[in-house]
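Undergrad: With the input below, show me the fold.
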Amino acid sequence: MNPIALSLGNISIYYSGIVIAFGTASCLCLTWALFVSHEGQRKNICLFVPIALTLSVFLSRVLHWYCHTEQYMSFISAVTDYGTGDFVLSGVFIGLMITYALLSIFCNKDQLSLLLDCLALGIDTFIISVRLSCIFNSAFRSKISVNEPSFQHLPLAAVFYNSSGSVEYRLAAFFIEAILLALLLILLLVFFSKIRNTPAKKGMSNSGGVWLMFILWYSVIEVVMDSTRYDSSFVPFNGFVSVVQTFCGAMMLAVLIYYSIRSAKADGLKLYHWLIWAGWFISLGGAGISEYLVQRHGDWYLSCYFLMSICLVIMAVLTVSMYKYQCNIHSSEET
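TA: Numbering: from 1, shown residues only. Next up, the predicted model:
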């Protein structure tokens, strides 16, 4: 069910589409305002955004086509007709990083890193709008039923119409994710303001950190939320870990590696590094075991998702501690 807000002849405009359009506009406006107000060059954003948008939409559709080929007549129809079908949000991040890599060849890297920081806040806003659009199209897509009447309302549960037309109440995963991303947006805005108003330490840059923190904590939220969905996207040869979960795990590992390399270069390998890596991979194992158990025992979802969330938060906190360790090294060098 997708309520129509306005009909113009054969063209129908849906409420969910309006919400997503508003989120897209908010993303672009917020990114532009932050970038320009912090001495970002307009030519960079005017070059970056069109390329990134094109690649993001294209790659998001390609990922969905690859995981759900049965929903499309052909690859050509999938990437040319965007009126039907769906997208995998991971393609947005891939498109952004490809654009960054291409433009960094002939553009100032600090400017591009600042732009990624601003985009982190804008994309967070965009994803919030995408998730909130589910209010109007009943696309909560959760496999967890909520049978307790006192919980059968937002923000915990929402109405779901099954194949027979009967009404069910399921976990409002998208709405919950929107709330968590809104809280993340507030924290990122504070972090952005703090690092932009703090002089850069020797050997460090004030740009890029917000983007890395965004993909780190977004991944924590998305891994759990994607696990609750009944329509997660899987590659044809793997039906255990979804594409989104795999990609988010890879992004979390990439952030850990980045800060590990920087801190190791500044101070050499220490016992501290090994302890963080050990804790990180043990927590990763705990998250993987939780995913395995929740797929085999659906009625264990409460304890499994609690354990998964704890493990993912530990992974993120350990990564942040590596970042802070790097900052402390440079601070001590300056003194």
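Undergrad: wait, is Pro236 part of a strand?
TA: No. Secondary structure of Pro236 (DSSP: H, G, I helix; E, B strand; the rest coil): coil, not part of a strand.
Undergrad: How many residues are close by it?
TA: 9 (other C-beta atoms under 10 Å). The C-beta positions use only the backbone N, C-alpha and C, and glycine is treated the same way.
Undergrad: State the distance from it to Ile18.
TA: To Ile18, Pro236 is 35 Å away according to C-beta to C-beta, to the nearest Å.
Undergrad: Residues touching stretch 308-326, excluding its own?
TA: Applying C-beta atoms under 8 Å, 6 or more residues apart in numbering, the contact partners of stretch 308-326 are 204, 209, 212-213, 216-217, 219-220, 223-224, 227, 252, 255-256, 259-260, 262-263, 266, 272-273, 276, 279-280, 283-284, 286-287, 290-291, 294.
Undergrad: now with 6 Å?
TA: With contact meaning C-beta atoms under 6 Å, 6 or more residues apart in numbering, stretch 308-326 is reached by 216-217, 220, 223-224, 255-256, 259-260, 262-263, 276, 279-280, 283, 286-287, 290.
Undergrad: Quick check on those: which are buried?
TA: 216-217, 220, 223-224, 255-256, 259-260, 262-263, 276, 280, 283, 286-287, 290 (16 or more other C-beta atoms under 10 Å).
Undergrad: Could you find the closest non-adjacent residue to the most centrally placed residue in the chain?
TA: Per C-alpha atoms, centre = their mean, the C-alpha nearest to the average position across the chain is that of Tyr218, at 4.3 Å. Nearest non-adjacent residue to Tyr218, counting by C-beta to C-beta, 6 or more residues apart in numbering: Leu184, 6.9 Å away.
Undergrad: tell me which element the one you found is part of?
TA: Counting by DSSP states H and E, the element that carries Leu184 is helix 173-196.
Undergrad: Over to Phe160?
TA: Per DSSP H and E: strand 157-161 holds Phe160.
Undergrad: Among the buried ones among the contacts of stretch 308-326, which lie within helices?
TA: Within the buried ones among the contacts of stretch 308-326, residues falling in helices by DSSP state H are 216-217, 220, 223-224, 255-256, 259-260, 262-263, 276, 280, 283, 286-287, 290.
Undergrad: The strand holding Phe160 - contacts with which helices or strands?
TA: Packing contacts for strand 157-161, counted by 3 or more C-beta pairs under 6 Å, 6 or more residues apart in numbering; DSSP states H and E, involve strand 167-171.
Undergrad: Name the residues of the strand it packs on that come out as buried.
TA: When burial is assessed from 16+ other C-beta under 10 Å, strand 167-171 yields the following buried residues: 169-171.
Undergrad: For Gln71, state which of those is nearest.
TA: Relative to Gln71, the closest of those is Arg170; by C-beta to C-beta it sits at 22.0 Å.
Undergrad: Is it correct that the closest one is in contact with Leu156?
TA: No. Counting by C-beta atoms under 6 Å, Arg170 does not reach Leu156; the two are 10.0 Å apart.
Undergrad: At which residues are the helices of the chain located?
TA: 15-37, 42-67, 75-80, 90-103, 109-132, 134-137, 173-196, 209-227, 243-267, 271-296, 301-334.
Undergrad: Just send those helices back as CSV, with mean pLDDT and distance to Lys143 too.
TA: Shown next, in CSV, are the helices of the chain (pLDDT from 0 to 100; distance: least, C-beta to C-beta, whole Å):
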stretch, mean pLDDT, distance to Lys143
helix 15-37, 89, 21
helix 42-67, 93, 17
helix 75-80, 91, 26
helix 90-103, 94, 20
helix 109-132, 93, 17
helix 134-137, 70, 15
helix 173-196, 93, 9
helix 209-227, 96, 9
helix 243-267, 92, 15
helix 271-296, 94, 10
helix 301-334, 86, 9
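Undergrad: burial count for His68?
TA: Neighbours of His68 (other C-beta under 10 Å): 17.
Undergrad: Could you find the closest non-adjacent residue to it?
TA: Nearest to His68 is Ser233, by C-beta to C-beta, 6+ apart, at 6.7 Å.
Undergrad: Report the contact partners of the one you found.
TA: 67, 88, 242-243.
Undergrad: which one of these is nearest Cys46?
TA: When those are ranked by distance to Cys46 (C-beta to C-beta), Val88 comes first, at 27.3 Å.
Undergrad: Alright, calling it a day.
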